[in-house]
Every structure is written in C-alpha cells, then in structure tokens.
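Novice: A predicted structure for the sequence below; I have some questions about it.
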Amino acid sequence: MDLREKLRHFESDFSSQQIKAVSQKHEDIGKFVNGEEISNSYGRCFRSVTIYPENQKHGQVSLNFLLQLDPNVFRLVGKDETLSNVNIRKAIFIDTETTGLTGGVGTVPFLVGLGSFSEGGFRIEQFLMRDYNEEHAFLHFIKEKLEDCEALVSYNGKGYDLNLLASRFMLARMENPARDIPHLDLLFAARRLWHRRIADCSLSSVERHIINFNRQGDIPGYLIPGLYFDYLRSRDGKLLEPVFIHNRWDILSLVALAGITGQIYQDTGRSLAQPLDLISLGKAFEKLFQLDEAARCFREALNYHMEPRDREEALIRLGYSLKRLGRWELAVKVWKYMIDSTPHLLTPYEELAKYYEHRVREFEQAVAVVNRALDRIKIFEELYPGSSFYYKNSFKYRLDRLKQKLAKQ
C-alpha cells in the first residue's frame with residue numbers, strides 16, 4: 001500500500017459521521033455543567049457562568065465583606081506597593097485546573113476560573129478547553145478578560161497558575177496579559193500569618209481552620225488531571241462536573257481569605273485571638289517597618305497563655321520594637337521584666353547593659369547588669385560546659401570597657 005492509499009484509508013476512518021459524533025459528545029458536558037459553547041475567530045471552547053449574591057456566605061465570611069475594607073491595606077497583605085488602592089471591583093480572582101501537578105512544558109491548564117464583582121453579584125466565569133485543539137480560542141478568551149482587570153488574586157498563582165498560563169501564551173505566540181498586573185498571592189500572606197499554628201498552609205487546610213469552610217463531597221485536587229484525561233478518552237461530561245465545583249469553591253475561598261487577611265492587617269490584629277498568629281503578624285509588620293503595629297501585636301500576644309518559648313520570643317521582639325521606636329522607658333521595663341521572669345535568657349542583660357552604657361551613660365548601672373549576666377553564665381557553664389562561650393567573652397569585653405570608662409570619670 002503506497003502513501004496515497006494510506007491517506008485515503010485514514011480519511012475514511014474519520015468520516016463526517018464520526019466527526020459529527022465527537023461534536024455531539026462535546027455537547028454532553030452541557031447536561032451536567034450549566035454553560036454553553038462559545039466561539040471566536042480562533043475556534044471554540046466551553047464557558048460556564050455562575051453568579052452569587054454579594055452577601056453570599058462562604059464559610060464564616062460574606063463575599064462583600066471584602067468590599068468594605070480600605071483598599072490600601074492590600075499593599076501590606078501582599079508586601080507590594082503596586083497593590084496600593086486597588087479597586088477590588090476590578091480585580092479578578094483566578095484559579096486553574098491543569099493536566100499535572102508539578103508544572104513543566106507538558107502541563108497544560110484546561111479549566112480556568114475567573115471571579116469578579118459585578119452589578120449582579122459575584123460572577124465566576126469558567127473556561128474549559130474540551131480538547132487540545134481548542135487551546136488557542138481558550139487562551140484568547142482568557143486574555144480578553146485579563147486585559148480588563150486592575151489586579152489579580154490567587155493562591156500560589158505566582159509560583160504555579162500564572163507561570164503555566166504565561167508559558168501557554170508564549171507557545172501560542174500571544175502576549176501575556178497578566179505580566180504587568182498587580183498580583184496578590186494569598187499563599188504567602190497565609191504562610192506569614194498562620195504557618196506557626198497550621199503546619200500545612202494548603203488552601204483546603206486554611207479553609208478549614210481560618211474560613212471555617214468544609215468541603216462536602218469535593219474531589220481531591222490530585223485526582224483532577226486523571227479525570228480530564230478520562231474525559232478526553234470517553235467524552236463523558238459528567239466526569240468534569242465535580243471539577244467545575246472544585247474550581248468555583250477555590251475562587252470563593254480566595255474572596256473570603258482576602259477579606260479575612262485584609263481585616264487582620266487593617267485592625268492591627270485586633271480580630272485575632274491566637275497568640276501565635278499575633279506574633280506572626282507582628283513579625284510581618286516588623287518587615288514592613290510598621291513598628292507601632294508590630295509592638296501592639298507582641299504586647300497583645302502576651303495577654304494569652306502560650307508555650308514559654310513563644311512567650312520569650314514575644315518579649316524579645318517587643319523589646320526590640322520599642323527600642324527601634326525610641327520608647328526607651330518601656331523597652332527598659334520589658335528587659336527588666338525578662339531578667340526577673342526569664343533569667344536563663346541573656347539577650348535582656350545585653351540590651352539593658354547597652355542602654356545604660358551608650359544611651360544614658362550610667363556606667364555603674366551597666367557594670368551591675370554585666371556582673372549579673374556573668375553570674376548567670378557561670379551557672380550555665382556548670383550545667384552545660386561551653387554553652388555560653390560567645391556571651392561570656394562578649395560580656396567580659398564589655399565589663400573591661402566599662403571599668404576603663406569609670407576610671408576616667
């Protein structure tokens with residue numbers, strides 16, 4: 001059989017009747033997911049639209065709670081000045097479902113959910129690539145939507161979702177519409193706030209512990225790529241019904257989580273009742289040079305019962321924050337309290353000695369503090385030989401210097 005005959009056989013295998021049958025199977029998805037086929041000059045794909053009332057609750061949070069916050073707070077939540085004064089009504093909450101979980105060239109987003117506030121409520125548009133030949137049209141629809149937004153909100157979008165979309169846009173020879181859009185990735189915000197209390201900061205874990213939303217009958221994310229491949233083989237639209245639901249829940253959780261994190265930063269943690277969360281928020285404020293807010297968080301954390309090590313960290317950080325703010329009287333009170341309540345810590349001795357020596361030049365007071373520290377170190381060395389070598393040498397050097405200063409007076 002020559003090549004021409006092989007091609008004729010190939011064409012006969014894909015008769016118009018068979019192509020029509022495949023097209024009809026495409027339509028099967030509309031029986032299980034509310035949506036329709038849409039087209040543009042590049043081809044076709046499937047779109048589903050779901051609209052929720054603005055006051056719809058997701059877990060313990062109403063969707064429109066986010067709209068009541070000062071938009072400037074999101075520069076703190078995301079540690080990004082480009083998020084200053086973001087118009088939340090023009091933000092898009094984005095989540096993708098892909099053919100793999102590890103990324104790479106072979107991983108393709110096949111379902112992209114885009115949520116935004118509109119006049120009718122909170123609108124989620126989900127675009128489905130029903131087969132690989134629909135990718136170009138699929139990407140163009142997404143591009144049009146992203147071109148109209150002022151900010152993106154995702155969960156690990158900076159590390160995964162938006163990177164995958166960027167690679168697909170590049171391979172399709174299209175400009176990446178998300179490249180210069182301010183982007184709030186809530187994964188990093190969640191880790192900064194809750195990593196001490198919630199070891200696993202996956203979205204499902206944060207939903208349970210923070211949003212108080214428990215997914216009933218949800219499909220695990222790791223099964224989704226397999227379901228899509230099963231759909232490609234069978235064209236059974238019912239397989240993708242739970243994937244659409246999973247994707248919508250992800251987007252609703254983004255809205256709720258953005259509202260919760262925004263409130264926490266806006267009210268400087270007054271809505272927090274967990275000391276570990278307050279310490280984490282204080283550390284976040286430290287890195288943002290919001291020292292008043294940091295000190296307030298550490299001080300508030302000390303009102304709760306917590307493990308000794310966590311309490312010590314809160315005290316040390318409170319002292320540092322007050323020192324950097326120039327509130328010396330309060331800082332000295334913290335260091336003296338620590339010397340009395342946590343005598344095994346040497347940091348407060350060092351800070352108090354620095355204060356007396358350099359700030360108020362009360363050298364005798366500084367000598368007294370250093371001698372107390374050296375007495376404490378002597379006890380440590382009897383229990384744990386060599387454990388305080390650095391501090392011992394540092395305090396001895398400081399003592400010698402103080403004695404020289406006293407001799408010159």
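Specialist: Perfect, I can see it now.

Novice: Could you say which helix or strand holds residue 283?
Specialist: Here residue 283, judged by DSSP states H and E, is contained in helix 275-287.

Novice: Contacts for that helix, please.
Specialist: 76, 79, 192-197, 264-265, 268-269, 272, 291, 293-298, 300-302, 304-306, 310, 313-314, 317, 321 (CB atoms under 8 Å, 6 or more residues apart in numbering). Yep, even glycine has a C-beta here, placed from its N, CA and C like the rest.

Novice: from those residues, which ones fall inside helices?
Specialist: 76, 192-194, 264-265, 291, 293-298, 300-301, 310, 313-314, 317, 321 (DSSP state H).

Novice: now the angle between helix 291-301 and the helix holding residue 283, please.
Specialist: 170 degrees (axes from the mean of the first three to the mean of the last three CA atoms, to 10 degrees).

Novice: pLDDT averaged over helix 275-287, what's the number?
Specialist: Helix 275-287 shows a mean pLDDT of 97.

Novice: Equivalent analysis for stretch 331-345, please.
Specialist: On average, stretch 331-345 scores 93.

Novice: Would you mark the buried spots in that stretch?
Specialist: For stretch 331-345, burial by neighbour count (16 or more other CB atoms under 10 Å) applies to 331-332, 334-335, 338-339, 345.

Novice: got the residues you listed as a markdown table, with secondary structure and distance to residue 46 columns?
Specialist: Shown next, in a markdown table, are these (DSSP: H, G, I helix; E, B strand; the rest coil; distance: CB to CB, whole Å):
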| residue | secondary structure | distance to residue 46 |
| --- | --- | --- |
| 331 | helix | 62 |
| 332 | helix | 67 |
| 334 | helix | 61 |
| 335 | helix | 65 |
| 338 | helix | 63 |
| 339 | helix | 68 |
| 345 | coil | 62 |
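
Novice: Check the gap between residue 179 and residue 402 for me.
Specialist: Per CB to CB, to the nearest Å, residue 179 is found 58 Å from residue 402.

Novice: More neighbours: those two, which one.
Specialist: It is residue 402, of residue 179 and residue 402, that has more neighbours when counted by other CB atoms under 10 Å, with 22 against 11.

Novice: Check the contact between residue 48 and residue 33; I expect there is one.
Specialist: Yes. Judged on CB atoms under 8 Å, residue 48 makes contact with residue 33 at a distance of 5.2 Å.

Novice: Tell me the residues that contact both of the two, please.
Specialist: Residues touching both residue 48 and residue 33 by CB under 8 Å, 6+ apart: residue 244.

Novice: List the buried residues of stretch 219-228.
Specialist: Neighbour-count burial for stretch 219-228, counted by 16+ other CB under 10 Å, picks out 221, 224-225, 227-228.

Novice: From one end of it to the other, what's the distance?
Specialist: One end of stretch 219-228 sits 13 Å from the other (CA to CA, to the nearest Å).

Novice: element containing residue 145, please.
Specialist: Counting by DSSP H and E, residue 145 is found in helix 135-146.

Novice: just residue 201 next, same as before
Specialist: Residue 201 belongs to no helix or strand, assigned by DSSP H and E.

Novice: contacting residues around it?
Specialist: When contacts are counted by CB under 8 Å, 6+ apart, residue 201 touches 187, 190-191, 194-195.

Novice: go on, residue 60?
Specialist: Residues near residue 60 by CB under 8 Å, 6+ apart: 211-213.

Novice: between those, which is nearest residue 260?
Specialist: Taking CB to CB as the measure, residue 260 lies nearest residue 211 of those, at 6.8 Å.
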